[in-house]
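**Student:** sequence and predicted structure below; questions after.
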Protein chains: 2
Amino acid sequence: MPQKIVQVCLTPDLTHLYDLKDCTVVVTDIFRATSCMVTGFAHNLAKIIPVATVEECKNSQDLGYIAAAERDAQKVPGFDLDNSPFSFMDTSLNGKSIAMTTTNGTFSIAKVKDQAKSVLIGAFLNLDTLARYLSKNSENVMILCAGWKGTPSLEDSLFAGALTDTLIKEYDFKNVDDSSLMTQRLYLQAQGDLKGYLMEASHLKRLKGLGIQKDIDFCLEREKYAVVPILEENTLILTK
Amino acid sequence: MPQKIVQVCLTPDLTHLYDLKDCTVVVTDIFRATSCMVTGFAHNLAKIIPVATVEECKNSQDLGYIAAAERDAQKVPGFDLDNSPFSFMDTSLNGKSIAMTTTNGTFSIAKVKDQAKSVLIGAFLNLDTLARYLSKNSENVMILCAGWKGTPSLEDSLFAGALTDTLIKEYDFKNVDDSSLMTQRLYLQAQGDLKGYLMEASHLKRLKGLGIQKDIDFCLEREKYAVVPILEENTLILTK
């Protein structure tokens, strides 16, 4: 059996370069969409319907869903939940389904969902469980970094590098393209002090300006939750 | 006066994200287009007409130009020059004008030439002269990495990081986006042994397969030539 490959796509604006037909895509948006999703499923949320636009999210809200909408790192007025992982721990969400739209994370899911063989949700919070789940399957993997409005983000790139580095024994990435190599090298440089390494990152500055230091610390915790969300018919559910 | 900024665009497929109106764009394609251009000008080439397609290059050849065409790292049959910097040292090129097309480098120039305030050519071979030239001007800078068919390349990213790191005192890059920060961090990790650091890079493997070890060593030499090529009316000439 030929070795599986892992590739990294640094932003959703580069997905056109990749053949996703037989590929498992791991979408990541560390600050904070996919960290929220993983946290929600770990706290017994039943389903998340990721939608690309605020309008779609409003429509879902009108249909009775709990709705979370974030733009430019802030909650959109009129919605039920913001984009903090702590909001996704609320016990009132037990067994519930929510609709969710974020600036970059849900946009990235929408960008690949019709092409990829499957779409999984990745964050530092579920990194090792996710790696074990991928190892059990035979598909090639693409890690899609949500970035910020089309540009690459350091925190998503570091997650991509960390996951690549974890998959290193079973996957080839050095003969594919350089994005996986670059993110792995960045991660190896950063791993001793992820938060310190991120201090200059543009999105961390954006978030610090909004006073959510606690979220940042939380989103960088590794393997806190043993869950792997997967997209099935446009809805995120827990893998078995 | 507000501080000038330097940004890095990791591939020509992301140029739509940047406002280039008042911006000096430095195009780099280390292996080997921009290294060839810098070498040619240092050896008294008069002009280079960069063209995006092999057809345009053929048309220029038919008009009497010396023509260099490369695709997939190899010379296109029927053209006069390949894409090795050593070919650009030929004394028969003294005072001559050549037309040139390459897979990524001339494509990148074509992508930005109508939007940017000016377009300069960068390589390790002219890095410090280029940095001094930029310092004398008041424009913001974008370093455009040519990459490989739309994906980022490690060698171009390392050049972007080296130039960013050289401009650090006069330019802001930490408040802009993360690509400049990422490339600078990669460069700081790599600078002690650029070639060793690049051993796993995809394009270096592609080139090694073609037996051009000598070109690779040459293209990584820093500040060998004190020249800065600039695009004027679709033609590269030497800045004064």
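**Tutor:** Sure thing, it's come through.

**Student:** roughly how far out does the lowest-mean-pLDDT helix or strand in chain A sit from the chain middle?
**Tutor:** Sorting the helices and strands of chain A by mean pLDDT, DSSP states H and E puts helix A:202-208 at the bottom, at a mean of 77. Put simply, helix A:202-208 sits 17 Å off its chain's centre (Cα atoms, centre = their mean, to the nearest Å).

**Student:** give me the element the closest residue to A:Thr183 other than its chain neighbours is part of.
**Tutor:** Excluding the flanking residues, the one nearest A:Thr183 by Cβ to Cβ, 6 or more residues apart in numbering or on different chains is A:Gly161, at 3.5 Å. Every C-beta, even on glycine, is put in place using the N, C-alpha and C of the backbone. Using DSSP states H and E, A:Gly161 sits within helix A:154-166.

**Student:** so which elements touch that helix?
**Tutor:** Helix A:154-166 is packed against strand A:4-9, strand A:23-28, helix A:127-135, strand A:140-145, helix A:178-190, helix A:194-198, helix A:202-208, helix B:178-190, with contacts defined by 3 or more Cβ pairs under 8 Å, 6 or more residues apart in numbering or on different chains; DSSP states H and E.

**Student:** anything in the helix or strand just after that helix near chain B?
**Tutor:** Next helix or strand after helix A:154-166 toward the C-terminus (DSSP H and E): strand A:171-172. No: using Cβ under 8 Å from any Cβ of the partner chain, strand A:171-172 stays clear of chain B, with a minimum separation of 11.2 Å.

**Student:** contacting residues around the residue nearest the centre of chain A?
**Tutor:** Nearest to the geometric centre of chain A sits A:Thr28, at 2.3 Å (Cα atoms, centre = their mean). A:Thr28 sits next to A:34, A:121-123, A:143-146, A:156, A:159-160 when contact means Cβ atoms under 8 Å, 6 or more residues apart in numbering or on different chains.

**Student:** for A:Thr24, what are its contacts?
**Tutor:** When contacts are counted by Cβ under 8 Å, 6+ apart, A:Thr24 touches A:116-120, A:134, A:137, A:139-142.

**Student:** and it, bridged to which residues?
**Tutor:** A:Ser118, A:Val141 (DSSP bridges).

**Student:** now, which of the contacts of A:Thr24 sits nearest chain B?
**Tutor:** Sorting those by how near they are to chain B, with Cβ to the nearest Cβ, puts A:Met142 at the top with 12.0 Å.

**Student:** what's around the closest one, how many residues?
**Tutor:** Per other Cβ atoms under 10 Å in any protein chain shown, the neighbour tally for A:Met142 reads 25.

**Student:** likewise for A:Thr53?
**Tutor:** Residues lying near A:Thr53 (other Cβ under 10 Å) number 13.

**Student:** hmm, it is touching A:Thr101, no?
**Tutor:** Yes: with contacts counted by Cβ atoms under 8 Å, A:Thr53 reaches A:Thr101, the gap being 6.3 Å.

**Student:** pLDDT score assigned to the closest residue to A:Gln74 other than its chain neighbours?
**Tutor:** In this structure, A:Gln74 finds its nearest non-sequential neighbour in A:Leu210, 6.7 Å apart by Cβ to Cβ, 6+ apart. pLDDT recorded at A:Leu210 is 71.

**Student:** my guess is A:Ala160 contacts A:Val6. True?
**Tutor:** No: assessed by Cβ under 8 Å, A:Ala160 is found out of contact with A:Val6, at 9.2 Å.

**Student:** which residues of chain A lie near chain B?
**Tutor:** Residues of chain A lying near chain B by Cβ under 8 Å from any Cβ: A:10-11, A:13-14, A:16-17, A:148-154, A:157, A:174-179, A:181-182, A:185-186, A:189, A:200-203, A:205.

**Student:** pull out the buried members of these.
**Tutor:** A:10-11, A:13-14, A:17, A:148, A:150-154, A:157, A:174, A:176-179, A:181-182, A:185-186, A:200-203 (16 or more other Cβ atoms under 10 Å in any protein chain shown).

**Student:** list the contacts of the residue lying closest to A:Gln7 once chain neighbours are set aside.
**Tutor:** Nearest non-adjacent residue to A:Gln7, counting by Cβ to Cβ, 6+ apart: A:Met142, 4.8 Å away. Contacts for A:Met142 were tallied using Cβ under 8 Å, 6+ apart; they are A:6-9, A:18, A:20, A:23-26, A:116.

**Student:** which of these tops the neighbour count?
**Tutor:** The most crowded member of those, judged by other Cβ under 10 Å, is A:Val8 (33 neighbours).

**Student:** how close does that residue get to B:Ser108?
**Tutor:** Distance, A:Val8 to B:Ser108, by Cβ to Cβ, to the nearest Å: 21 Å.

**Student:** next: A:Leu210.
**Tutor:** Look at A:Leu210 and B:Ser108: by Cβ to Cβ, they are 36 Å apart.

**Student:** higher neighbour count, these two?
**Tutor:** B:Ser108 (29 against 12).

**Student:** quick check: which ranges of chain A have low pLDDT?
**Tutor:** Residues of chain A that meet the criterion pLDDT under 70 lie in A:1-2.

**Student:** about what we covered before: the helix holding A:Gly161: which residues count as buried?
**Tutor:** Of the residues in helix A:154-166, A:154-166 count as buried by neighbour count, 16+ other Cβ under 10 Å.

**Student:** just those now: which is nearest B:Leu81?
**Tutor:** Lowest distance from B:Leu81 to the buried residues of helix A:154-166 (Cβ to Cβ) belongs to A:Ser157, with 37.6 Å.

**Student:** can you tell me the closest non-neighbouring residue to that closest one?
**Tutor:** Nearest residue to A:Ser157, sequence neighbours excluded (Cβ to Cβ, 6+ apart): A:Thr183, at 4.7 Å.

**Student:** got it, and A:Ala99?
**Tutor:** In space, A:Ala99 is closest to A:Ser60, 3.3 Å off (Cβ to Cβ, 6+ apart).

**Student:** residues contacting A:Ala33?
**Tutor:** A:Ala33 is in contact with A:70, A:83, A:100, A:102, A:104-106, A:146, counting by Cβ under 8 Å, 6+ apart.

**Student:** kindly recompute the last result at 10 Å.
**Tutor:** A:Ala33 sits next to A:27, A:48, A:50, A:68, A:70, A:83, A:85, A:100-109, A:121, A:123, A:146 when contact means Cβ atoms under 10 Å, 6 or more residues apart in numbering or on different chains.

**Student:** help me confirm that A:Gln115 comes into contact with A:Tyr18.
**Tutor:** Yes: with contact defined as Cβ atoms under 10 Å, A:Gln115 counts as touching A:Tyr18 (8.8 Å).

**Student:** for the two, list the residues in contact with both.
**Tutor:** Shared contacts of A:Gln115 and A:Tyr18 (Cβ under 10 Å, 6+ apart): A:Val25.

**Student:** how many residues are close by A:Phe218?
**Tutor:** 18.

**Student:** which residues sit against the least confident helix or strand of chain A?
**Tutor:** Contacts of helix A:202-208 with the rest of the structure, by Cβ under 10 Å, 6+ apart, involve A:29-32, A:72-73, A:83, A:104, A:147-148, A:151, A:153-156, A:195, A:198-199, A:201, A:213, A:215-216, A:219, B:173-181.

**Student:** can we see that at 8 Å?
**Tutor:** A:31-32, A:73, A:148, A:153-155, A:198, A:215-216, B:174-178, B:181.

**Student:** then that helix to PDB, C-alphas only?
**Tutor:** Extracted in PDB, the C-alpha atoms of helix A:202-208 (Å, rounded to 0.1, in the frame of the first residue of the first chain):
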ATOM      1  CA  SER A 202      -1.900  39.400  14.400                       C
ATOM      2  CA  HIS A 203      -5.000  37.500  15.500                       C
ATOM      3  CA  LEU A 204      -3.800  37.100  19.000                       C
ATOM      4  CA  LYS A 205      -3.400  40.900  19.100                       C
ATOM      5  CA  ARG A 206      -6.900  41.300  17.700                       C
ATOM      6  CA  LEU A 207      -8.300  39.000  20.400                       C
ATOM      7  CA  LYS A 208      -6.300  40.500  23.300                       C
END
